[in-house]
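K.L.:
Quick one, what's the 3D model for this:
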Amino acid sequence: MAPPTKRKAHSKAVSIKRWSTENFQATTTQPPDSSTSEEEDYSSSEPIKFTEKKILSDIGDLFTLCTQEGNRKYLSTMIYMLLRHLGYSWRETDEILDTTGSTKCETAHKYADLYLNGDFEEFIGEHRGQDESTFRSGEVGARRWVIDDSAPFFSKGRGRSYMISDFLVIHPSSPYFRLSPAEWNQATQRYPKLLEEADIIYEKFSASAAINIGSDLYMDNELILEQFERLFQMLQFKEEYKMHTIEVLVDNARTHTSKEFNVDDFGMKPGTRCPVQSIEYLDPATNQQKTINCYFTDGENKGKSRGLLNIAQNLGLKVPLNCKLQQLKELVSQHPAFQNVTKLEKLGMQYGIQVLYVPKYHCELNPIEGYWCHMKQFVRKHNDQTFNKMVSLIGEARKNFEDRQIYLKLCRRFWKTLMAYNDGQYYLSSKNREH
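P.N.:
I've put the predicted structure just below:
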């Protein structure tokens, strides 16, 4: 069984201390004993041995807690900058970052360079989800070169923002997914959770959602999964979709491709960080489902994590003598147990829906990219840089997209491109150049 997290242990200790009468007892001030060290002055427990290697495991647990509450990229960049400021070498810094579960030193350096010498908006933008679906009330990109000199000051798109998360449907009924009142009643009877208040704003009888960036949460992986589960639950009640095989096409954004665990989330030795209790996988040799425990259930290490080295040995992998952590990760990552599907794919399987990922840098295979393009073009053309006007224009842009049947053009382009790729064609081929 996994041991209680440090967060829970700390919360329990704080609660006990909070309600203790010792807090209200008067204390007498005495001069400190000159024989005690500076560390002992601030601690009533054993001195902390910061230089011991095993403390890196505790740091890794703390880092995991911080990433659950915050942003892994920000934390990794901060730790990297602190270590380099304190004079640690590149190799020493990389080893500490790798041991604690942070990003690699090279990646952290790129983030630090972007933070210090690049565009701050770009540095923080990756955490905010897909930029294609974010609308900024101060954005005038489409008119910035034709604004008269006497015009009032315009901001550069850094006003209040509104994020849209929508679905485009390739079906004759409508480009948008929405249930009828009768279908909605059936869905809520089967899934009462659909009636509960959510963290994001959902369109009525639909899974289309929006949030106010800055006041609400960002579209992180948790909210994305919540929205997709709402969609999957509702799809089965849409009459026009009956007897259809449903496939959901999404891009490779990190909010869509997050997995339950990754080989980088594991420590090497027993007692180090471990994100899951057990791992289930399909053995290709026997075509049977197998489960491997990630924690010891008996012996002197009972309750502790097995560590990646022990897991690799239990999987039957031949680990070289004196194998380093990075080498071990590369070896283990080839095993079916660590070639796990994403959280979104697993969620789709529960409802009989297949999730497909668009290859990177192939937006022509994702029709919704054209939808975002039209939406932003419409809003930029008619906006006055106020937030309320921008929100109202988003609704008008959706209606304009459907009225002008732009979705039909995007769907035709999707199928035409898909067939061209299937025939072995590419952009620079002579056949494509003629068209």
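K.L.:
Now do Tyr191, the pLDDT please.
P.N.:
pLDDT recorded at Tyr191 is 94.
K.L.:
okay, now it: neighbour count?
P.N.:
Tyr191 has 17 neighbouring residues, counting by other C-beta atoms under 10 Å. Bear in mind the C-beta positions are built from the backbone N, C-alpha and C, glycine included.
K.L.:
surely it meets Gln233?
P.N.:
Yes: at 4.6 Å, Tyr191 and Gln233 qualify as touching, with contact defined as C-beta atoms under 8 Å.
K.L.:
Distance check, Gln407 against Tyr176.
P.N.:
I think there's a mix-up here, since residue 407 is Tyr and not Gln. Tyr407 is 9 Å from Tyr176, where distance means C-beta to C-beta, to the nearest Å.
K.L.:
the more surrounded of these two?
P.N.:
Tyr407 (22 against 19).
K.L.:
and that one, what are its phi and psi?
P.N.:
Dihedral angles phi and psi of Tyr407 (degrees, to the nearest 10) take the values phi -60, psi -30.
K.L.:
what pLDDT does the nearest residue to it once chain neighbours are set aside get?
P.N.:
Distances taken as C-beta to C-beta, 6 or more residues apart in numbering place Pro175 nearest to Tyr407, at 3.8 Å, with adjacent residues excluded. Pro175 is assigned 91 on the pLDDT scale.
K.L.:
which SS class is Pro175?
P.N.:
Taking DSSP: H, G, I helix; E, B strand; the rest coil as the rule, one finds Pro175 in the coil state.
K.L.:
Got the domain ranges for the chain?
P.N.:
According to automatic domain parsing, the chain comprises the domains 6-16+45-127, 133-257+344-434, 263-338.
K.L.:
Tell me where the model's unsure across the stretch 201-350 of the chain.
P.N.:
Segments of the stretch 201-350 of the chain classed as low confidence (criterion: pLDDT under 70) are 213-220.
K.L.:
Do you have the strands of it handy? List them.
P.N.:
Counting by DSSP state E, counting those that start in this stretch, the stretch 201-350 of the chain has strands at residues 201-202, 209-213, 247-250, 278-283, 288-293.
K.L.:
Report all helices and strands that the first one contacts.
P.N.:
When contacts are defined as 3 or more C-beta pairs under 8 Å, 6 or more residues apart in numbering; DSSP states H and E, strand 201-202 packs onto strand 209-213.
K.L.:
and the strand it packs on, what does it pack onto?
P.N.:
strand 161-165, strand 201-202.
K.L.:
Which of the ones you listed comes out lowest on mean pLDDT?
P.N.:
strand 161-165 (a mean of 82).
K.L.:
That strand pairs with which strands?
P.N.:
Strand 161-165 has the following strand partners under DSSP bridges: strand 134-136 (antiparallel), strand 209-213 (antiparallel).
K.L.:
can you list residues touching both of Tyr407 and Tyr176?
P.N.:
Here Tyr407 and Tyr176 have Leu168 as joint contacts, going by C-beta atoms under 8 Å, 6 or more residues apart in numbering.
K.L.:
and of the strands of the stretch 201-350 of the chain, who's closest to Met390?
P.N.:
strand 209-213 (11.4 Å; C-beta to C-beta).
K.L.:
for the closest residue to Thr103 other than its chain neighbours, what are its contacts?
P.N.:
Computed as C-beta to C-beta, 6+ apart, the closest residue to Thr103 that is not its neighbour in sequence is Ser76, at 4.2 Å. Ser76 is in contact with Leu97, Ser102, Thr103, Thr107, Ala108, Tyr111, counting by C-beta under 8 Å, 6+ apart.
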